[in-house]
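Visitor: This is a predicted model, with the sequence first.
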Amino acid sequence: MTAATPTEAAAGTAAEGTAPPGTPAEGTAPAGTPAEGTPAEGTPAEGAGDGVPERRRRGRPRSRRAEEAITEATIDLIVRHGVCGLSIEGVAQRAGVAKTTIYRRWASKEELALDVLARMHGPAPDLPPGGSVRDDLVFLLLAARSNHEGTTRWSAVLRRLAGEVDTYPEESRAFMARAIAPRRLRTLEVLRRGIQEGVVRADADLDLAAEALIAPVLLGALLPLRHQLGPDRVTALVDLVLAGLAPAPSPG
């Protein structure tokens, strides 16, 4: 057999490295050498063939700076255009990262927005100190208020989200479950303890009571700063609700 000439060998090498036909759709990882934030060559495509949702396989962007830039860009664009006007391409451009860096963790703009907004809202408050029911309720409401005290950014985000609840019902429910429900559960736990301690009557509608406590704090966050509840008004709110929940005085 005649050995291949250098020219023929070079041609064969080039042929072997030629990308297969078919350009990936926009937003998918390119073929060939991985771009920033994509899996190494030979790694199976995320979620391919095994039914595992992509989000289970996603990790944080390698650079903390990149993650912070993505978060800030997402919030800025939501404030300006809402989730409807958000796009992965727009976030990538504003954050100065590749789209693949974003897609490596978030499968869609809706998933990105949900994660960023839930983290922006902050974690659920710690367990209250366990003093009086009144003091623990005040503690929980002040903790919810303090996440965004003195800021207008969260108010701007909430106003955008309020106008898009009907457009993104599933995402809205997911946000409530992730960001609001844990706070509501803490409040219910304290109110149930109030029944045991005799400061809340046994037949009280605790779900309604929790809503009565939380709603004004959320409304205050939705409105401009001058309408946000201060510590004195939070305490007055708790006293008002507890007065309506108190057991009837004993006869005589």
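Guide: That came through fine.
Visitor: Please enumerate the strands of the protein.
Guide: Chain-ordered strands for the chain, with DSSP state E as the definition, do not occur.
Visitor: Which residues lie in contact with the spatially most central residue of it in this structure?
Guide: The residue at the geometric middle of the chain, judged as the C-alpha nearest the mean C-alpha position with CA atoms, centre = their mean, is residue 118 (2.4 Å). Residue 118 is in contact with 175, 178, 179, counting by CB atoms under 8 Å, 6 or more residues apart in numbering. Using the backbone N, CA and C atoms, a C-beta is placed for each residue, glycine as well.
Visitor: now the last one: how far from residue 79?
Guide: The one in question is residue 179. If you measure residue 179 against residue 79 using CB to CB, to the nearest Å, the figure is 17 Å.
Visitor: can you check the second one too?
Guide: The spacing between residue 178 and residue 79, counted by CB to CB, is 20 Å.
Visitor: And for residue 140?
Guide: When distances are taken as CB to CB, residue 140 and residue 79 turn out to be 28 Å apart.
Visitor: can you count the residues close to residue 166?
Guide: Neighbours of residue 166 under the rule other CB atoms under 10 Å: 7.
Visitor: nope, residue 119 is what I was after
Guide: Using other CB under 10 Å, residue 119 has 12 neighbouring residues.
Visitor: Tell me which residues touch the spatially closest residue to it that is not a sequence neighbour, please.
Guide: Across the structure, with CB to CB, 6 or more residues apart in numbering as the measure, the residue nearest residue 119 apart from its sequence neighbours is residue 71 (7.3 Å). Residue 71 makes contacts with 116, 119, 120, as judged by CB under 8 Å, 6+ apart.
Visitor: thinking again about what came up before, residue 172 versus the residue nearest to the centre of the chain, what's the distance?
Guide: Note on residue 118: its distance to residue 172, by CB to CB, is 12 Å.
Visitor: Understood, closing this out.
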